[in-house]
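Novice: Take this sequence and fold it.
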Amino acid sequence: MTNTPPHNPDAELLLATGCAHCAIVLEGLSQLVKEGLVGHLEITNIAVQAQRAQELNVRSVPWTRLGPFILEGQHSPGELRKWAQRANSIEGMSEYIATELKQGKLDKLIKMMNNAPQQLRALIPLLGDEDTEMQVRIGIDAILESIEDKSHLALLIPEFSPLASHKSPRIRADIGYYLALTESPEAIPVLEKLLKDESKEIQEIAREGLERLNEVKS
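Specialist: Below you'll find the model as predicted:
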């Protein structure tokens, strides 16, 4: 008997008696367990045990947690395999965030990021990609603004900093705003650099950010 590699995710499935979609998801997850892509699968029939659904505030099934990903509704075996393979990568979390924002799941992501702030790093590739859709960028704004513990945002300053030199003025402007959100003095040198940006708009964002940080210090 071999041990499951530690990087393979665990999964949880909530289903209900008579749910045809649930059977498809259960079959897909069971196959991933057999193949070793999923290390452990926990299954709850909420028609029999409703407490778990209440704990998770789940109102419809199938509901799946696959590693860090929450997948609602029916997902094909191929989709489940894709998310299992991406469960422990920043790229996978970035893709998940973009997918959920496009589906209007902003509140879900805000809750997730406040509960698991280590996942905030997955926002960086989306911020630095000029092809990131506007709906996703607006969602990222809302997520970062919602983070209650600003120390978690401050940890992103080393990753925000290179984007302050991005060729896209839009991205540089966004980063100037996010640096101010950190409320950390460590953001001051980067904002001071943006004071010399060729864009007057970005210079103004940097000035406002520095004023905000000075207010926090005082």
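
Novice: For Asp197, grab phi and psi.
Specialist: The phi and psi values for Asp197, taken as degrees, to the nearest 10, are phi -60, psi 150.

Novice: Can you tell me the SS state at the most centrally placed residue in the chain?
Specialist: For the chain, the residue nearest the mean C-alpha position is Ile97 (4.6 Å; C-alpha atoms, centre = their mean). At Ile97 the chain is in helix, as set by DSSP: H, G, I helix; E, B strand; the rest coil.

Novice: Next up, the contacts around it.
Specialist: Contacts of Ile97 were listed using C-beta atoms under 8 Å, 6 or more residues apart in numbering, and they are Leu109, Ala122, Leu123, Leu126, Val136, Gly139, Ile140. Where you see a C-beta, it was placed from the backbone N, CA and C, and this is true even at glycine.

Novice: from those residues, which is closest to His166?
Specialist: Nearest to His166 among the contacts of Ile97: Leu126, at 13.0 Å, using C-beta to C-beta.

Novice: And for that closest one, the neighbour number?
Specialist: Using other C-beta atoms under 10 Å, Leu126 has 20 other residues around it.

Novice: quick revisit: ok, so what distance separates the residue nearest to the centre of the chain from Lys196?
Specialist: According to C-beta to C-beta, to the nearest Å, Ile97 stands 32 Å off from Lys196.

Novice: what's the answer for Arg207, then?
Specialist: 12 Å.

Novice: Tyr177 now?
Specialist: 17 Å.

Novice: Between these two, which is the more surrounded one?
Specialist: Neighbour tally, Tyr177 and Lys196, criterion other C-beta under 10 Å: the higher count belongs to Tyr177, 17 against 9.

Novice: any idea which helix or strand carries that one?
Specialist: helix 169-181 (DSSP states H and E).

Novice: what about Gly28, is that helix, strand or coil?
Specialist: Under three-state DSSP, Gly28 comes out as helix.

Novice: How confident was the prediction at the residue nearest to it when sequence neighbours are not counted?
Specialist: Among residues not flanking Gly28 along the chain, Pro77 sits closest, at 3.6 Å (C-beta to C-beta, 6 or more residues apart in numbering). For Pro77, the pLDDT comes out at 96.

Novice: which residues touch the helix holding Tyr177?
Specialist: For helix 169-181, using C-beta under 8 Å, 6+ apart, the contacting residues are 127-128, 130, 137, 141, 144-145, 147, 150, 153, 156-157, 160, 163-166, 187, 190-191, 194, 197, 199, 201-202, 205-206, 208-210, 212-213.
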